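Asker: I need the structure of the sequence given here:
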Amino acid sequence: MWSSVLSGLFSGIIGVLGAVYTITKTDERQEVSLKVQATNDLIYRNQIEWYGKLRVSIAELISQFIHINMIIEKLNYVEKETEKIRLNGNNRQEMRNAIDELDGIEREVKDSLIKIQTQLTLVNLYLFENSKEENYIRNKLSELIDTYYSPKSFKPIPEFELNLLVEKVRELLKHQQTQLIDKISK
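Answerer: Residues are numbered from 1 along each chain as shown. I've put the predicted structure just below:
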């Protein structure tokens, strides 16, 4: 009889110890799981913020392209008018005014090119993966700068080029969003 009581008591103690051990391990696993989830949430929020900054930087860059295109068109017009004034040769004051206007446009061009370079640097910093979409955008931006804003041929970027760039940026952002959703759902 005492052996039955002792064995029951012993079994009960072992059962309680086993339950405590199981509860402790489960709590530890849940704690680790919550920490991992919190870390993942932080990473995902940061990625979303990063993509937002990329979107804003590219939008600002394209806006600067459009702005400098207008300046280039203005420059071309003023240069033609200045040439007409020079050929007529009658009015020195008109010539001085035209030269002053060209100087002002030159300052605008320099300011715009600095803004473009700044935005281009930001965009390149945000494009840190070597995905097909990011590489295309990097290469396209370099091509546009080299082709249209080089000292040899300073001309406006055609609208179709800017539209193509916008479309590729949309594809990139859609691709990034899809990747993020895939990561979150796993």
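
Asker: contacts and neighbour counts: CA atoms only from here.
Answerer: Will do.

Asker: packing partners of the helix or strand containing Ile105?
Answerer: In this structure, Ile105 sits in helix 92-126 according to DSSP states H and E. Contacts defined by 3 or more C-alpha pairs under 8 Å, 6 or more residues apart in numbering; DSSP states H and E place helix 92-126 against helix 2-88.

Asker: so for the helix it packs on, mean pLDDT?
Answerer: For helix 2-88, mean pLDDT is 77.

Asker: buried sites along the helix holding Ile105?
Answerer: If you call a residue buried by 16 or more other C-alpha atoms under 10 Å, then helix 92-126 has these buried ones: 95, 98, 101-102, 105, 108-109, 112-113, 115-116, 119-120, 122-124, 126.

Asker: ok now it, how far from the chain's centre?
Answerer: 24 Å (C-alpha atoms, centre = their mean, to the nearest Å).

Asker: state the mean pLDDT of it.
Answerer: What helix 92-126 shows for mean pLDDT is 88.

Asker: now do stretch 174-186
Answerer: When pLDDT is averaged along stretch 174-186, the result is 80.

Asker: could you shift the numbering so residue one becomes 7, and keep it that way?
Answerer: Shifting the count to begin at 7 puts that one at stretch 180-192.
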